[in-house]
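> test case, fold it:
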Amino acid sequence: MDTNKREKRANLCRGTLNATPEDPQTGLESIPRLIAPPVAVKISPGWYLLFFFSNSIVFGSLTYPSILCLTVEAHNFQPRPLPVRRASSKLTPMEWLGHAKIGFVTSPEPLQFKTKDGEETDLLRLAEKSTPPCRLNPFLFNGHLQTAMTVLKPEGPTVHYKRKIFDAEDPAYEGNFAVDFIVPPFEGAEEGLPPRTIHYDKEELLEIEAGSLDDRPMIVALHGLSGGSFEIYLRHVLAPLMASGGWEACCINSRGCAGHMISSSILYNARATWDTRQVVKWLRMKYPNRPLFGIGFSLGANILTNYIGEEAEACQLKAAVVISNPWNLELGSMALQRTWMGKEVYSKVMAGNMKKLVERHADQIEKHTNINMDRVRKVTYLHEFDREVQGPTWGYPTEGAYYRDASSVDSLLGVRIPLLAINATDDPIAVDEAIPYEEFKQNPYTLLCTTSLGGHLSWFETLGDGERWHAKPAVNFLNSMAFNVDMDSMIPRKVNVGVETTNGHSKFTPMRRKLHVQEA
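As a prediction, this is how the structure comes out:
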């Protein structure tokens, strides 16, 4: 290929990356950018497929997804090896068509209960009935491509929120935090908050403080790392629940997220269960007849699992769903650092998001903590951020100590309510090796649903409208638990949290924490 042709082709590639989609959090147009270096795949001698990953791509008046593939001729070129699962050797023919394999892991004797019609069933049968076939977009044939599609951020279902600010009751976790409640559609916006989100006015606050005696089920949602109630993956679950007309819903925003300004030095970590505990307690007091349910996504799934395990038999939630839980944070961190894609794309992006969050609250952090903001600003990767922020904040000597203490693997053994977990085994962030398969087998209250495809909080079924498969089993399971299952018919089961010891004195306690917060 002569020089002029190469230059024209290069100009064509540069000219296509020019879209400015609206960012769902701020409502502002985002700057077009490549989110990862191009990936080259050799298809024949001298010919390659080039994959470009951008926040969107436009040809003339048509907008295309953020993954652009070009066929190019190049000689004496050695591309960087593609850091993804080799589809030709590991994907089955059906997976090439987007038909993911589904698996279930639970105790040999899962939790038993009856439906309101008197039919006997158990957790496994209910989960199987709630889970439809997983038919994903065949062009997104591995976890990296599925996860990359999330940067396109299609608008997704429309949900409107009104916000209530809670003052922390526990002096050990002083400050306040924001909880967004789903409400009927309204006109208007509020500066500094995500789209379709405003604060309750004084009269409305008095009304919700008065509570209600209605018996509608209510879902409490926890979002992922540095996210908020605006997240599309979250709205894909909450919107159909609300559309049925039978549910109420709220989302607990982690401190400092979703436009809320912190009022103390307390942000959050992967075991920040204190705000969830306060909100559930408040909901139980204000709405005594409402059955409460929980759902968590990614880091929020880890927090929710920890909360349910800590509460054990006293948990006020009737059932819960956790999606893309990273489970073992130390194994997950090591997996991210082990590959170029994990370290240079995922870890770097997540660290960048957390740095922006901390920078937004720099005044409070510098005033009330011993965190060195200059060191934080030099951070590149997520494990470095945790070393510089979570360590000094909570007293962990290393990021590894923090990961081991905040992971939800052992908490799973403390769960005493029906818990459905959904993970994709090709997830590049909440990796397969960190999933506690054996712990699921020990606890009849818990069930793991795995899919062989899906990525991290992705599961895109179609390229155009952005439908996400994970919403279907989650919504089906929650509706079954809320409307079809006789919750009083559950037969308590013994959980094997430890084996009988030879000395008769030792005992394994799954919820024993290494971090002890002193009373203020």
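
> tell me the secondary structure at residue 345.
helix (DSSP: H, G, I helix; E, B strand; the rest coil).

> roughly how far apart are it and residue 351?
For residue 345, the distance to residue 351 equals 11 Å [Cβ to Cβ, to the nearest Å]. (Each C-beta comes from the backbone N, C-alpha and C, glycine too.)

> now residue 259
Distance of residue 259 to residue 351, given as Cβ to Cβ: 21 Å.

> next, count neighbours for residue 348.
Neighbour count of residue 348, defined by other Cβ atoms under 10 Å: 17.

> if I look at it, how far off is residue 472?
Distance from residue 348 to residue 472, counting by Cβ to Cβ: 32 Å.

> where do the helices sit along the stretch 151-300 of the chain?
202-210, 232-243, 274-286, 299-311 (DSSP state H, counting those that start in this stretch).

> list the buried residues for stretch 425-441?
For stretch 425-441, the neighbour count (16 or more other Cβ atoms under 10 Å) marks 425-432, 434-436, 439-440 as buried.

> what of stretch 375-382?
The neighbour-count check on stretch 375-382 (16+ other Cβ under 10 Å) flags 376, 379, 381, 382 as buried.

> ok, those vs residue 252, which is closest?
Proximity of these to residue 252 (Cβ to Cβ) peaks at residue 382, which lies at 22.2 Å.

> Provide a list of residues in contact with the closest residue to residue 98 other than its chain neighbours.
Nearest non-adjacent residue to residue 98, counting by Cβ to Cβ, 6 or more residues apart in numbering: residue 138, 3.9 Å away. Residues in contact with residue 138 (Cβ atoms under 8 Å, 6 or more residues apart in numbering) are 96, 97, 98.

> okay, now the domains of the protein?
Split into domains by automatic domain parsing, the chain comes to 3-73, 99-328+407-489.

> which stretch in these is the model least sure about?
Among the domains of the chain, domain 3-73 has the lowest mean pLDDT, at a mean of 45.

> tell me how far residue 155 lies from residue 212.
32 Å.

> actually residue 315, not the one I typed
22 Å.

> between the two, point out the one with more neighbours.
For residue 315 versus residue 212, neighbours defined as other Cβ under 10 Å are more numerous around residue 315 (20 against 14).

> residues contacting the more buried one?
Each residue near residue 315 by Cβ under 8 Å, 6+ apart is listed here: 307, 308, 416, 417.

> and the furthest pair within these?
The most widely separated members of those are 307 and 416, with 12.3 Å between them, by Cβ to Cβ.

> the two - which one has more neighbours?
Looking at residue 307 and residue 416 with other Cβ under 10 Å, you find the greater number of neighbours at residue 307, namely 26 against 20.

> can you name the residues that contact the more buried one?
Contacts of residue 307 were listed using Cβ under 8 Å, 6+ apart, and they are 273, 276, 277, 294, 315.

> most neighbours among these, which one?
Counting neighbours by other Cβ under 10 Å, residue 294 leads the contacts of residue 307 with 29 neighbours.

> ok, what's across the strand from that residue?
residue 220, residue 320 (DSSP bridges).

> just to revisit the earlier point, what sits in contact with each of residue 345 and residue 351?
Common neighbours of residue 345 and residue 351, using Cβ under 8 Å, 6+ apart, do not exist here.

> with just CA atoms, put stretch 327-342 into PDB.
Coordinates of each C-alpha in stretch 327-342 appear next as PDB, following Å, rounded to 0.1, in the frame of the first residue of the first chain:
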ATOM      1  CA  TRP A 327     -16.600 -11.600  46.100                       C
ATOM      2  CA  ASN A 328     -12.800 -12.000  46.900                       C
ATOM      3  CA  LEU A 329     -11.300  -8.600  46.500                       C
ATOM      4  CA  GLU A 330      -7.700  -9.700  46.900                       C
ATOM      5  CA  LEU A 331      -8.000 -12.300  44.100                       C
ATOM      6  CA  GLY A 332      -9.800  -9.800  41.900                       C
ATOM      7  CA  SER A 333      -7.100  -7.200  42.400                       C
ATOM      8  CA  MET A 334      -4.400  -9.700  41.600                       C
ATOM      9  CA  ALA A 335      -6.300 -10.800  38.400                       C
ATOM     10  CA  LEU A 336      -6.500  -7.100  37.300                       C
ATOM     11  CA  GLN A 337      -2.800  -6.600  37.800                       C
ATOM     12  CA  ARG A 338      -1.900  -9.800  35.900                       C
ATOM     13  CA  THR A 339      -3.100  -8.800  32.400                       C
ATOM     14  CA  TRP A 340      -2.400  -5.700  30.300                       C
ATOM     15  CA  MET A 341      -6.200  -5.200  29.800                       C
ATOM     16  CA  GLY A 342      -7.000  -5.600  33.400                       C
END
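
> which parts of it are buried?
By 16+ other Cβ under 10 Å, the buried positions in stretch 327-342 come out as 327, 328, 329, 330, 331, 332, 333, 334, 335, 336, 341, 342.

> ok, stretch 349-362 next?
For stretch 349-362, burial by neighbour count (16+ other Cβ under 10 Å) applies to 350, 351, 352, 354, 355, 357, 358, 361.

> which ones are touching residue 361?
Taking Cβ under 8 Å, 6+ apart, one finds 256, 261, 262, 267 in contact with residue 361.
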